[in-house]
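Undergrad: Build the 3D model from these lines:
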Amino acid sequence: MSLDVAEVLAQAVAQFEDSGHPIGIVWHGGEPLAVGQQKFAALLNPFEKLRHAGRVKHYVQTNATLITETWCDLLTEYDIRVGVSIDGPAAVNAERVDLRGKPAFDRILQGIQQLRERDVPFSVISVVGTEGITRPEELLEFLAGMGCHSAGFNIEEIEGVNTDRQPPTPVQAEDFWRRTITWTREHGEALAVREVERLADYFRLIRTGQRAEWDQRRLDPIPTVSWRGDVVLLSPELADTTAPEYGDFVAGNILERPLPQILRDAHRLRYVREFLTGLDRCEAECEFFDFCRGAQAANRFFENGTFETTETNYCRVSRQALVTALSTLATKESVA
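TA: From the prediction side, this is the model:
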């Protein structure tokens with residue numbers, strides 16, 4: 001990303017109304033730390049006034065292989081929240097390789113050790129494929145032992161360039177979530193699991209008469225700004241996808257039009273209109289909608305070829321299976 005794009009983006013963010021909650025600026029896509037510390041700091045600097053005013057919060061998603069003591073200094077200086085991509089123990093993490101095709105596992109652990117030695121808190125995102133879906137306890141124990149404060153599990157999806165690996169089945173996913181929920185209940189504060197926390201938060205708000213608060217949680221348009229300033233909405237995975245019928249999903253370029261204006265005009269885009277139609281259908285037809293909220297535009301496109309459809313395999317393994325897993329556990333405990 002050029003400094004011009006970062007500066008214009010910071011100016012755009014400053015135009016948004018101050019909601020009292022910082023806007024998350026997430027640096028991701030490929031390996032963001034590969035730009036080097038000097039360039040990364042230069043990209044962060046246009047946001048400094050906003051950060052000090054509590055208007056923005058930086059996040060970075062990294063495989064941690066490049067993290068050193070001096071990177072930890074930079075992460076601390078700019079108060080960046082760190083997410084590490086690691087799928088589990090070495091055998092489960094085998095798909096993560098470097099540019100030479102060699103396993104990145106040992107280098108990831110070295111980067112994590114640097115974070116821990118410097119007391120830089122971090123979360124983890126793990127892709128759960130057919131190798132890890134049958135080993136949730138091993139995965140959870142491994143992640144808890146690494147010292148991360150929370151973990152998110154992305155059941156492997158068919159999207160973007162990932163089209164040749166068979167994703168886990170809904171039956172496998174329900175078993176994974178049931179065992180994960182059981183593990184989290186038995187191990188207390190050892191590790192917060194993003195999906196389990198979200199489900200618990202949903203039930204807590206419903207049970208305590210705070211449904212209005214849950215209903216107010218709107219779908220974020222998730223504007224993804226590319227290195228050259230192009231803006232893609234709804235799903236970051238669409239940002240590197242060629243689809244002439246949708247104009248490659250580009251809503252505009254921040255060097256040519258202000259970001260707030262691009263977002264205000266989003267409803268005119270064909271793929272956004274189709275997605276909203278799909279959302280309406282989800283709400284009308286799906287018994288899981290109240291919890292799920294029907295998001296994940298990219299999965300609709302990559303799995304079904306259109307945004308107007310409803311259910312996807314992502315829905316079945318990441319949302320529906322989670323709910324049914326808890327229901328099955330509750331039923332068994334009630335009978336017992």
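Undergrad: hey, let's count contacts and neighbours off CA atoms from now on
TA: Will do.
Undergrad: phi, psi of E308?
TA: phi -90, psi -10 (degrees, to the nearest 10).
Undergrad: Please report how far it lies from R273.
TA: For E308, the distance to R273 equals 9 Å [Cα to Cα, to the nearest Å].
Undergrad: Which residue of the two possesses the greater neighbour count?
TA: E308 (21 against 15; other Cα atoms under 10 Å).
Undergrad: what's stretch 193-207 in contact with?
TA: 150-153, 181, 184, 211, 213-214, 291, 322-323 (Cα atoms under 8 Å, 6 or more residues apart in numbering).
Undergrad: who's in contact with G152?
TA: 124-126, 193-195.
Undergrad: In helices, which of those fall?
TA: Among the contacts of G152, the ones falling in helices (DSSP state H) are 194-195.
Undergrad: which residues touch the helix or strand hosting E138?
TA: In this structure, E138 sits in helix 136-146 according to DSSP states H and E. For helix 136-146, contacts defined as Cα under 8 Å, 6+ apart pick out 88-89, 112, 124, 132, 151, 176, 179-180, 183, 190-191.
Undergrad: Kindly format the C-alpha coordinates of it as CSV.
TA: Backbone C-alpha positions of helix 136-146 (Å, rounded to 0.1, in the frame of the first residue of the first chain) are rendered in CSV as follows:
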residue,chain,number,x,y,z
PRO,A,136,-10.7,-30.8,19.1
GLU,A,137,-9.3,-31.6,22.6
GLU,A,138,-5.8,-31.9,21.3
LEU,A,139,-6.2,-28.6,19.4
LEU,A,140,-7.6,-26.8,22.4
GLU,A,141,-4.9,-28.1,24.7
PHE,A,142,-2.3,-27.0,22.3
LEU,A,143,-3.7,-23.5,21.8
ALA,A,144,-4.2,-23.0,25.6
GLY,A,145,-0.6,-24.0,26.2
MET,A,146,0.6,-21.4,23.7
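Undergrad: Downstream of it, the next helix or strand is which one?
TA: Counting by DSSP H and E, what follows helix 136-146 is strand 150-155.
Undergrad: List the strands paired with that following strand, with their directions.
TA: Strand pairing for strand 150-155, using DSSP bridges, gives strand 122-128 (parallel), strand 192-193 (parallel).
Undergrad: and among those, the most buried is which?
TA: Stretch with highest mean neighbour count among the strands paired with strand 150-155: strand 122-128 (a mean of 23; mean count of other Cα atoms under 10 Å).
Undergrad: what is the rounded mean pLDDT of that strand?
TA: The pLDDT scores in strand 122-128 average 95.
Undergrad: got it, and stretch 328-336?
TA: 78.
Undergrad: and this structure, what are its domains?
TA: 3-215, 224-326 (automatic domain parsing).
Undergrad: Contacts only, for G278.
TA: With the criterion set at Cα under 8 Å, 6+ apart, G278 makes contact with 307-310.
Undergrad: Please settle this for me: is it part of a helix?
TA: Yes: membership of G278 in a helix is supported by DSSP: H, G, I helix; E, B strand; the rest coil.
Undergrad: What is the nearest of the contacts of G152 to R96?
TA: S126 (10.9 Å; Cα to Cα).
Undergrad: how far does stretch 305-315 stretch from start to finish?
TA: Start-to-end, stretch 305-315 (Cα to Cα) is 16 Å.
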